[in-house]
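[1] Pasting the sequence and the predicted model now:
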Amino acid sequence: MVAARSDGGPADRGEVGRHPLRNLWRLRHYLRPHAAQFGWLMLAGLAATGAGIAVPLVAQQVVDGPVARRDLAGLYQLAGLALLVGLVEALLIFIRRWVQSSSSVAMEAAIRDDVYAHLQRLPASFHDRWPSGQLLSRITSDLSVLRRFLSFGLLFLVLNLATYLVVVVLLIRLHPVLGLLVAASAAPLFLIARRFGRHYHTASRRMQDQQGDVATLVEETAQGLRTMKAYGRGPQLTDRFVAGTRALHDIGVDKGRLLARTSARLDLVPNLTLGIVLVAGTAAVADGRLTVGQLVAFVSLQLMLIWPVQSLGWIIANGQEAATAADRIQEVLDSSPAIVDASHAVALPRCAVRGRLRFEGVTFRYPGTAEPVLRGIDLTVEPGETIAVVGATGSGKSTLLSLVPRLHDVGAGRLTLDGHDLRDLRLASLRRLVAMAFEEPTLFSMSVWENLTLGRPDAGEDEVRAALELARAEFAYDLPWGLRTRLGEQGLSLSGGQRQRLALARAVLVRPAVLVLDDPLSALDVHTEAAVESALKGVLRDMTALLVAHRPSTIGLADRVALLEGGRITAVGPHAELLATVPGYRTLLTAEPPSAPPPRTPAGPPSSERPVEPASDGCPLVRS
Ligand SMILES: Nc1ncnc2c1ncn2[C@@H]1O[C@H](COP(=O)(O)OP(=O)(O)OP(=O)(O)O)[C@@H](O)[C@H]1O
């Protein structure tokens with residue numbers, strides 16, 4: 001089973017039982033556009049219920065009238081009436097179903113669209129914490145649960161309550177004492193239902209969370225299939241999956257048994273009252289206090305309560321699942337998109353931007369972590385200048401770059417473009433001015449053309465061709481359908497280097513004011529890398545660029561280098577100067593060891609006498 005997390009992610013699962021219906025109620029505005037349709041379907045439902053209730057009353061008239069008097073003509077009349085009532089009921093049920101299917105599906109689609117749009121607004125830090133399987137299960141299965149509740153649960157809750165009330169009133173009118181007895185049977189039903197609702201809410205939350213965890217496992221396995229196969233970890237992953245599905249199975253069985261126990265208890269109540277009514281009713285007929293027709297009507301009406309009571313368990317279960325689904329959906333909708341446009345934010349036209357990028361005392365810490373990753377960063381990238389950010393693994397290079405398109409916001413200090421604090425610019429405008437290419441590029445399962453023009457949907461064929469040439473990505477024309485070729489999920493049908501080149505072409509195509517390149521050439525062979533670099537040189541001349549580089553050849557593209565050590569910039573200057581004057585930089589770029597190696601201990605045992613310890617597979621490991 002996937003472990004629960006407590007970092008503000010999806011597994012902060014302590015909400016169960018506090019206000020079970022609050023979040024369901026908060027979704028009511030989705031009903032508003034369909035209020036008229038719902039009104040009609042409730043009306044049709046109530047009318048159909050009324051027609052159903054009328055049938056026993058007609059039966060009473062038949063028994064006490066034509067049957068008692070042996071009046072065949074009267075019998076035909078009442079039978080015709082009963083038939084008409086039955087037809088009207090069938091027609092109303094058809095209308096209700098017709099209306100309900102379209103409105104509930106429309107509501108489901110509206111909520112789904114909003115959740116998806118919200119997911120796009122949420123910052124990168126949200127997606128860092130939430131497993132995608134949890135999001136997937138919320139946007140698919142939880143919404144289906146809600147739809148089922150809106151189309152069946154809610155409707156039958158209202159119809160069954162209405163049936164119960166009307167029937168009880170009619171029963172009291174037919175025989176006050178027996179009618180009140182039936183009315184009183186609502187008390188144990190209420191207690192059973194309340195207890196069931198509480199337990200079932202907890203069980204459905206566990207079930208729906210577990211479904212999300214299992215979806216995450218499936219998604220991880222699909223994405224990491226190559227790694228899994230390469231390491232032969234299939235059986236271990238299968239074990240994790242089986243444990244997850246077993247947990248799902250166990251919770252499902254618990255839920256099923258809870259529902260079965262409750263249904264049995266709920267069933268017992270109307271059957272017991274029916275038994276009492278039959279005995280007492282027959283005695284009343286014998287005493288002449290009740291006619292045979294009235295008894296037939298009483299029993300028929302009482303039988304009409306069996307289904308509402310029997311279905312009560314299912315309706316509560318459906319309601320609780322919907323409440324849980326609403327909780328889970330609201331958890332996503334309630335996550336605030338921390339990075340949004342300020343009310344005073346302005347848009348900068350591309351032609352008005354020179355591209356002076358300045359970090360002023362920038363500090364950044366990831367949410368939920370104690371230590372800042374970047375501290376007091378001061379760096380200016382002049383218009384048209386290229387700065388390479390160089391640093392050891394984990395020193396904060398990617399984090400630094402991610403602040404430029406505001407994938408994350410600075411904690412302290414500020415980042416400016418031509419003197420404008422980035423937080424004073426409209427996000428859409430900023431992201432048109434800044435283009436980014438990552439080391440691990442994401443391509444979408446759409447055509448190569450659509451992937452390339454993601455940031456410039458209006459780009460013409462010549463511009464796309466130029467961008468592809470610059471990124472040495474002309475191979476795209478040789479794909480089976482050229483640029484119309486649809487890429488597999490995440491572009492995995494291409495090699496790593498091909499993906500990187502397409503992503504680079506995509507970034508360049510935007511003609512940004514600031515180009516941010518997070519080691520985007522790492523997967524290229526030396527010849528392709530050299531070709532891309534020589535082409536990039538020309539492009540970088542016209543724009544401000546910040547690039548993460550590890551290899552001296554890529555660093556060669558930069559006018560200056562900023563050395564990032566432990567989240568601080570410790571040196572800035574031309575590559576040759578840093579190489580000559582900064583030992584830390586030299587160490588990073590050359591094979592030179594960080595400091596003089598410790599002298600070999602003369603007394604140390606020869607290698608053949610070094611301690612040997614067994615590894616987990618039983619083979620010896622030499623500790624050096
Ligand atoms: N989403 C995140 N949440 C919490 N910590 C993170 C997150 N992303 C990165 N970090 C931490 O921030 C630090 C800097 O990471 P970053 O990816 O910026 O380093 P880097 O210099 O780009 O490394 P590399 O050269 O290996 O790509 C690391 O210690 C990393 O563990």
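    Received it, and whenever you're ready, just let me know what you need.

[2] Look up how far Trp449 lies from Ala459.
    Using C-beta to C-beta, to the nearest Å, Ala459 is found at 9 Å from Trp449. Glycine gets a C-beta too; all of them are placed from N, C-alpha and C.

[3] same deal with Asp334?
    For Asp334, the distance to Trp449 - C-beta to C-beta - is 38 Å.

[4] So which of the two has more stuff around it?
    Trp449 (17 against 11; other C-beta atoms under 10 Å).

[5] Which pLDDT value goes with the nearest residue to the more buried one once chain neighbours are set aside?
    Using C-beta to C-beta, 6 or more residues apart in numbering and skipping the chain neighbours, the partner closest in space to Trp449 is Leu483 (4.2 Å). For Leu483, the pLDDT comes out at 90.

[6] Show me which residues of the host helix or strand of Ala505 are buried.
    Using DSSP states H and E, Ala505 sits within helix 496-509. By neighbour count on 16 or more other C-beta atoms under 10 Å, the buried set for helix 496-509 is 497-509.

[7] wait, which of these is closest to the ligand?
    Distance to the ligand, by C-beta to the nearest ligand atom, is smallest for Gln500 among the buried residues of helix 496-509, at 14.4 Å.

[8] what's near enough to touch the closest one?
    Ala437, Glu439, Pro441, Pro520, Leu521, Ser522, Ala523, Leu524 (C-beta atoms under 8 Å, 6 or more residues apart in numbering).

[9] Helix or strand: which one has the closest residue to the ligand within the stretch 1-150 of the chain?
    Closest residue of the stretch 1-150 of the chain to the ligand, C-beta to the nearest ligand atom: Asp128 (3.9 Å). Under the criterion DSSP H and E, the helix or strand holding Asp128 is helix 124-129.

[10] Please name every helix or strand in contact with that helix.
    The helices and strands touching helix 124-129, judged by 3 or more C-beta pairs under 8 Å, 6 or more residues apart in numbering; DSSP states H and E, number zero.

[11] Mean confidence (pLDDT) on it, please.
    Here the average pLDDT along helix 124-129 is 81.

[12] go on, stretch 289-301?
    83.

[13] Show me what counts as buried in that stretch.
    Under 16+ other C-beta under 10 Å, the buried positions of stretch 289-301 are Leu290, Thr291, Gly293, Gln294, Leu295, Val296, Ala297, Phe298, Val299, Ser300, Leu301.

[14] so of those, which ones are in helices?
    Among these, DSSP state H puts Gly293, Gln294, Leu295, Val296, Ala297, Phe298, Val299, Ser300, Leu301 in helices.

[15] Report the contact partners of the fourth one.
    Under the criterion of C-beta under 8 Å, 6+ apart, the neighbours of Val296 are Pro56, Ala59, Gln60, Val63.

[16] I figured the last one hits Val299, correct?
    No. At 11.3 Å, Val63 and Val299 do not qualify as touching, with contact defined as C-beta atoms under 8 Å.

[17] mind checking the SS state of the residue nearest the centre of the chain?
    Nearest to the mean C-alpha position of the chain, by C-alpha atoms, centre = their mean, lies Leu135 at 1.9 Å. Under DSSP: H, G, I helix; E, B strand; the rest coil, the three-state class of Leu135 is helix.

[18] any idea how far the residue nearest to Trp449 lies from Val464?
    7 Å.

[19] likewise Thr485?
    In terms of C-beta to C-beta, Thr485 sits 14 Å off from Val464.

[20] who's more crowded, these two?
    More crowded of Thr485 and Val464, by other C-beta under 10 Å: Val464, with 20 against 16.

[21] quick one: secondary structure of the more buried one?
    Quick answer, by three-state DSSP: Val464 is helix.

[22] How about it: what's its closest non-neighbour residue?
    In space, Val464 is closest to Leu452, 5.7 Å off (C-beta to C-beta, 6+ apart).
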